[in-house]
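Asks: Just need the structure, nothing else, for what follows:
(3 chains)
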Amino acid sequence: MSQSATASSSTAPHYFVPQPSTWPIFGSFALFFMALGTTLWMNDVGWGKFMLIGGLCILFYMMFGWFGTVIGESEGGLYSKRVDISFRWSMGWFIFSEVMFFAAFFGVLFYMRVISVPDLGSLDSRLLWPEFTASWPVAGPGIRESFQTISAFGLPAINTMLLLASGVTITLAHWALLANNRPALVRWMVATIVLGTVFLFVQGYEYVHAWRDLNLQLDMGAYGATFFMLTGFHGFHVTIGTIMLIVITIRCAKGHFTPENHFGFEGVAWYWHFVDVVWLLLFVVVYAL
Amino acid sequence: MNLPHHPRIPSALAGIASLLLPAASFAQEAAGPAYQAASKYNLQPPVSEIASQIYDLHTLVLIFCAVIFVAVFSAMFYAIIYHRKSAGHEPAQFHENTTVEIVWTVVPFVILILMAWPATKTVIAMKDTSSPDLTIKATGYQWQWGYDYLKGEGDLKDVADGIAFYSALATSYEERTNVKPKDADYLLDVDNRLVVPVGKKVRILTTANDVLHAWWVPALGVKQDAIPGFIRDTWFKATAVGVYRGVCAELCGKEHGFMPIVVEVKSVEDFRAWAAERQKARTAGAGAAPAPAAAAPAAPAAAAPATPAVAAPVAPAAAAPAADVPARAATSVAARSASGG
Amino acid sequence: MQATHSHPAVHDHHAHAQPTGLMRWITTTNHKDIGTMYLWFSFTMFLVGGILALALRSELFQPGLQLVEPEVFNQLTTMHGVIMVFGAIMPAFVGFANWMIPLQIGAADMAFARMNNWSFWLLPPAALLLVISFFVPGGAAAGGWTLYPPLSVQMGPGMDLAIFALHILGASSIMGSINIVTTILNMRAPGMTLMKMPLFCWTWLITAYLLIAVMPVLAGAITMILTDRHFDTHFFNAAGGGDPVLFQHVFWFFGHPEVYIMILPAFGIVSEIIPAFARKPLFGYTSMVYATSSIAILSFIVWAHHMFTVGMPATAQLFFMYATMLIAVPTGVKVFNWVATMWKGSMTFETPMLFACGFIFVFTMGGFTGLILAITPIDIQLHDTYFVVAHFHYVLVAGSLFALFAGVYYWLPKWTGHMYNETLGKAHFWLSVIFFNITFFVQHFLGLAGMPRRVPDYALQFADFNMISTIGAFGFGITQLLFLYIVVSCIRGGEKAADKPWEGAQGLEWTVPSPAPHHTFETPPVVR
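Replies: The predicted structure is shown next:
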């Protein structure tokens, strides 16, 4: 990359510094209204949900606009190799922060199974909870209703296959991109999206089944809380990941990315693999064990 | 011992000074109206072996810290005075020395071990709640304590078992709002004291009815969180008769500062006499000191079925005590809230 | 063909009009502008948090309830903590990071200058949510800044607003930290290896790692509070197999690294200033890097020293006691290295150096009380007392805040192009240090003698020291208005500052003019 004295006279500057932008302030308004709206709604002020929806609309507008600007800058050749490296570092660290978020919830599951539930069933706790025996799955000593769990080797196993398969298809898509095979790239990306979407539908079906038929709900003590929070946040991340996959696929169809330069694709692929790995952990720790 | 009001005396000197006192003064202070005689600069005079160990451990660590502090800052102040440009000192250029780095890593590490060694022994001793002579459950409520005498052993067998009562702040609302002058035990006075015998190992089980509380009596060296739905324990063995006062030590809402603990340590004979009187009143059903005992253990289990599946986010026994709160406690709680406190 | 015209999407900064006025500040992607905004925001929050503190100290001036109801008092203490930690100290250090990291490493700007803007502009809405929370039914959150359940689950909508504010603040921090890590790792000028980087950049690199790792854990913890509050989960409710102590574990896994997040950049600032004013290189640079890294790594395994009284087994208490005591070793190493830097230097004592030396002296006192608290049996007596309050104010005020002041005085000439009034600066230092000690030294005694935390009223034997503490607090608070005056005067005028106003200062920031031009190092310098 040849540099000249002033950044403006080279096609890709030494390091691109964006011009002033209005996207961030839209994002701030969005999150403010989302926060206030949700608080109002949760505290039984009905119109809060409209404020939340309004905030979400502003957020989508901001996301669309900001990422659109970034895509334009990238396709416009403004990003040097060094910027590409910056993106790689940042995506990696972002995924690490997500790992830590899930780690907190896995930690909670561990604590409940290994520490608090056994403690509540211990000899000393007979004073407060005389009828409780510690086991797993369990709701808790103060919850009289019972529930059933979802067997790992039914739909969850299918979901595992779906996500693992999607990990394969996205890798195949990557190889197609590296070989500059555009039709195959798009095909494999679509396959990945389909697999991800089917996963979401299966999870949704499972949730309804759990809620209605198995009496497994969010308020069903330790099991209910950890089950829904872990799988729920995971499902949320799969949804975000699927949206990202759709955006990238559209970009692929439009001819974006080159075999040498396709960080946007790789970043989304990393995220997708991360989502897959979290599922594997979930499968083992929440469903199977 | 009352040091003169000199806020700048480093606590190290105060600690050392109080160490030089004859041990007898501890006992004397302990016997009197305890709080008035307490030192303003140090931990309260210890009235148990554990509290004593903690007191001494604190003094030891303080001395270590003070010595290191003086050494390091003597060097720093020396440099500030003599190695300044206005004194004509030219700057040296050295900027590393591996030997020195190793020395001032290893030496502090060794000093830490010297502190950790006695501390370890005390930690283990504090955890040993086995073979108590008397077991009492302390339940934290918003905003008072409830005591249940569960079990006595040996010569305390069946002496106090079954005694139960609430213990609420006795300081009047008028004192708190500055209408009346405050008496000496302001905010540290309760209606029903926890009475225990001297020289006996007392195991305190803590739990709570609603939110987190903590049972703390500094002179006895005990502090234990009271966690709703869980049983925790601690122990003490008082070495001197007297009255020892503590406070709730975990934020529990608006009256957190107003639910003190008063432990009255009596001789074994006086304790038996007190217990006998309470037992008579209890079995005669006079109801002067109503019993939360029946309510409290059952309450967590009882409350839950009333709201099937959707247990309230607050801890189990939330509903029960409202119904079970005896007239006495209800009056004091109502009086506080009625007067807008 | 040589491009003599501007590429459509690349602007020559002077060819197109840049936004002016309010829009300049709202849309800026310039690290200096953003740094300035962070600093003003944090100072505003500092004053707000300070007023809350003066309100609560006024109630504590005498025994008895005079000014506020107990439930309002709890709101004051809680919001004082939340605002100072998340609104004042953390954004202030981020402001320094923004201003100084690109200058110190020879980069044109942060790696993601536009995301940098959002990191800042997320703060005002979060602050607004916190302010609004005072006015909803039930008032602001009142369960302590630590938000322990079940009390926090019991509270009114003010708690929900605080939770969302914390989520937004967390997002801002995580984005900002990713930006800082990427900038430091990827945008150093050629020749500036990691081990040639100013120590301030090292401490921020390590702090940013901590932030990325633990802010999501806080997010998880407060999300669980939210679901326990509104969606009937039982994370912290024994009836449902949960445990209030579980929250404490998750919270403090965040909380302990959080306090190091608030002090490591302070260590970095002090490590820049002492060598400059001693006219001598920092002693033991490599050792300082290792010490900072050790502190950061150890900070992940000590969290339960905030929980010694919950009833954990003795083995757990011992583990956390030993691990916590161990942190004293690298911390001590840093203090020794600073003193060794001063030793045989040629020191002058302008205001930055006064604050830096004051920092070492008073922070070390806080460090020692931390060691005292690390020892479990002693902590059993001192947990939840004013001894702890004294300890953390020594390390956060005399520690973090004094380092921030030191940094402001040190770099104000670079930022504004003027020298500040040295006499007033010294006055600010002496008044601050004296009033600080009056306020907080006596609190050690209060804690030892048995006064608990978070109470609006107290027994009579605690009266004298509370009165002294309140007087000190007002003195300290008023003194900070002097600081405001000094800074504003400096911005508006004063003796012209040289590129390098401090004789012994080292670093790339001193190679650019004062005030630093809006754009610097567009072509990176080569570092030998």
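Asks: Next up, phi/psi of the residue of the stretch 201-341 of chain B found nearest chain C, please.
Replies: Relative to chain C, the nearest point of the stretch 201-341 of chain B is B:G229 (2.2 Å; C-beta to the nearest C-beta). Bear in mind the C-beta positions are built from the backbone N, C-alpha and C, glycine included. When read as degrees, to the nearest 10, the backbone of B:G229 gives phi 90, psi -10.
Asks: Just the helices from chain B, written as ranges.
Replies: B:11-19, B:24-31, B:34-37, B:49-82, B:98-127, B:173-176, B:268-283, B:295-306, B:319-324, B:327-338 (DSSP state H).
Asks: backbone phi and psi for the spatially most central residue of chain A, please?
Replies: The residue lying closest to the centre of chain A (C-alpha atoms, centre = their mean) is A:H237, at 1.5 Å. In terms of degrees, to the nearest 10, the main-chain angles of A:H237 are phi -70, psi -30.
Asks: I'd say B:V217 and B:E264 touch.
Replies: No - proximity of B:V217 to B:E264 does not meet the contact threshold set by C-beta atoms under 8 Å, at 11.2 Å.
Asks: quick one: which of the two has more around it?
Replies: Using other C-beta atoms under 10 Å in any protein chain shown, the more surrounded residue of B:V217 and B:E264 is B:V217, with 26 against 18.
Asks: number of nearby residues for residue 240?
Replies: Since you didn't name a chain, this refers to chain A. 12.
Asks: Chain C is the one I meant
Replies: 34.
Asks: Can you give me the distance of it to chain A?
Replies: Using C-beta to the nearest C-beta, to the nearest Å, C:G240 is found at 4 Å from chain A.
Asks: ok, that residue - contacts?
Replies: With contacts defined as C-beta atoms under 8 Å, 6 or more residues apart in numbering or on different chains, C:G240 is in contact with A:139-140, A:142-143, A:219-222, A:224-225, B:311, C:233-234.
Asks: Would you check the residues you listed and say which has the weakest pLDDT?
Replies: The member of the contacts of C:G240 with the lowest pLDDT is B:A311, at 35.
Asks: From chain A, how far out is C:F320?
Replies: Distance from C:F320 to chain A, counting by C-beta to the nearest C-beta: 15 Å.
Asks: What score does that residue have for pLDDT?
Replies: On pLDDT, C:F320 comes in at 98.
Asks: how about the nearest residue to it, chain neighbours excluded?
Replies: Among residues not flanking C:F320 along the chain, C:A304 sits closest, at 4.5 Å (C-beta to C-beta, 6 or more residues apart in numbering or on different chains).
Asks: now do C:P137
Replies: Using C-beta to C-beta, 6+ apart, the nearest residue to C:P137 is C:G156, at 5.7 Å.
Asks: For B:V110, state which of the contacts of C:G240 is nearest.
Replies: A:A222 (45.4 Å; C-beta to C-beta).
Asks: What residues does the closest one make contact with?
Replies: Per C-beta under 8 Å, 6+ apart, neighbours of A:A222: A:112-113, A:116-117, A:138-140, C:234, C:240-242.
Asks: The residues you listed into JSON lines, with extra columns for secondary structure?
Replies: JSON lines is the format used below for the contacts of A:A222 (DSSP: H, G, I helix; E, B strand; the rest coil):
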{"residue": "A:M112", "secondary structure": "helix"}
{"residue": "A:R113", "secondary structure": "helix"}
{"residue": "A:S116", "secondary structure": "helix"}
{"residue": "A:V117", "secondary structure": "helix"}
{"residue": "A:V138", "secondary structure": "coil"}
{"residue": "A:A139", "secondary structure": "coil"}
{"residue": "A:G140", "secondary structure": "coil"}
{"residue": "C:H234", "secondary structure": "coil"}
{"residue": "C:G240", "secondary structure": "helix"}
{"residue": "C:G241", "secondary structure": "coil"}
{"residue": "C:G242", "secondary structure": "coil"}
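Asks: Could you let me know which of these ends up closest to chain B?
Replies: Nearest to chain B out of the contacts of A:A222 is C:G240 (C-beta to the nearest C-beta; 5.7 Å).
Asks: For the closest residue to chain B within chain C, which residues are in contact?
Replies: Nearest residue of chain C to chain B: C:A238, at 2.2 Å (C-beta to the nearest C-beta). Shown in contact with C:A238 (C-beta under 8 Å, 6+ apart): A:116, A:120, A:128-129, A:140-142, B:227-230, B:300, B:315-316, C:244.
Asks: from these, which would you call buried?
Replies: Buried by 16 or more other C-beta atoms under 10 Å in any protein chain shown: A:116, A:120, A:128-129, A:140-142, B:227-230, B:300, B:315-316, C:244, out of the contacts of C:A238.
Asks: Can you tell me which of these end up in strands?
Replies: Judged by DSSP state E, strands contain none of the buried ones among the contacts of C:A238.
Asks: will you turn the contacts of A:A222 into a markdown table that also has distance to C:F359?
Replies: Listed next are the contacts of A:A222 as a markdown table, based on distance: C-beta to C-beta, whole Å:
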| residue | distance to C:F359 |
| --- | --- |
| A:M112 | 43 |
| A:R113 | 45 |
| A:S116 | 42 |
| A:V117 | 47 |
| A:V138 | 52 |
| A:A139 | 52 |
| A:G140 | 49 |
| C:H234 | 45 |
| C:G240 | 47 |
| C:G241 | 47 |
| C:G242 | 42 |
